[in-house]
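Enquirer: how does the following fold in three dimensions:
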Amino acid sequence: MSKACTFYQKHGFVKGEIHRFSLDGLNVEKPIQYKEHFWEILPKPFIFKPQDIIPEEDQQRMKLPPANSKYCYEQHFFLEL
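Expert: You can find the predicted model right below:
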């Protein structure tokens, strides 16, 4: 996630919200079998606003591969026109 964030910031994008999804108890075989979109099976995210201070625990989890964490993070970026 950090490589992508660095790329976007380098090219003038502005950081937006970060969404944290819990993967605890999630059955990833379901969307593969029934051809559902992966994001449709995720629970409602916890949202960090751009001005929020991200707890150290979440910062450490963001560095882990999704297979090693029980959370998935999604960083939004916007390009001002």
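Enquirer: okay, and the helix or strand of the protein with the least pLDDT?
Expert: helix 29-34 (a mean of 54; mean pLDDT, DSSP states H and E).
Enquirer: and the helix or strand following that helix, what's buried?
Expert: Of the helices and strands lying after helix 29-34 in sequence (DSSP states H and E), the nearest is strand 46-48. Residues of strand 46-48 classed as buried: residue 48 (neighbour count, 16 or more other Cβ atoms under 10 Å). Placement of C-beta: from N, CA and C, glycine included.
Enquirer: and the longest helix for the protein?
Expert: For the chain, the longest helix by residue count, based on DSSP state H, is helix 2-10.
Enquirer: and that one, what does it pack against?
Expert: Judged by 3 or more Cβ pairs under 8 Å, 6 or more residues apart in numbering; DSSP states H and E, helix 2-10 is in contact with strand 14-22, strand 71-78.
Enquirer: can I get those in a markdown table with mean neighbour count?
Expert: Conversion of the helices and strands packed on helix 2-10 to a markdown table gives the following (neighbours: other Cβ atoms under 10 Å):
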| stretch | mean neighbour count |
| --- | --- |
| strand 14-22 | 15 |
| strand 71-78 | 16 |
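Enquirer: leaving out chain neighbours, which residue sits closest to residue 54?
Expert: residue 48 (5.8 Å; Cβ to Cβ, 6 or more residues apart in numbering).
Enquirer: hmm, back to that, what's the longest helix of the chain in contact with?
Expert: Here helix 2-10 makes contact (Cβ atoms under 8 Å, 6 or more residues apart in numbering) with 15, 62-63, 75, 77.
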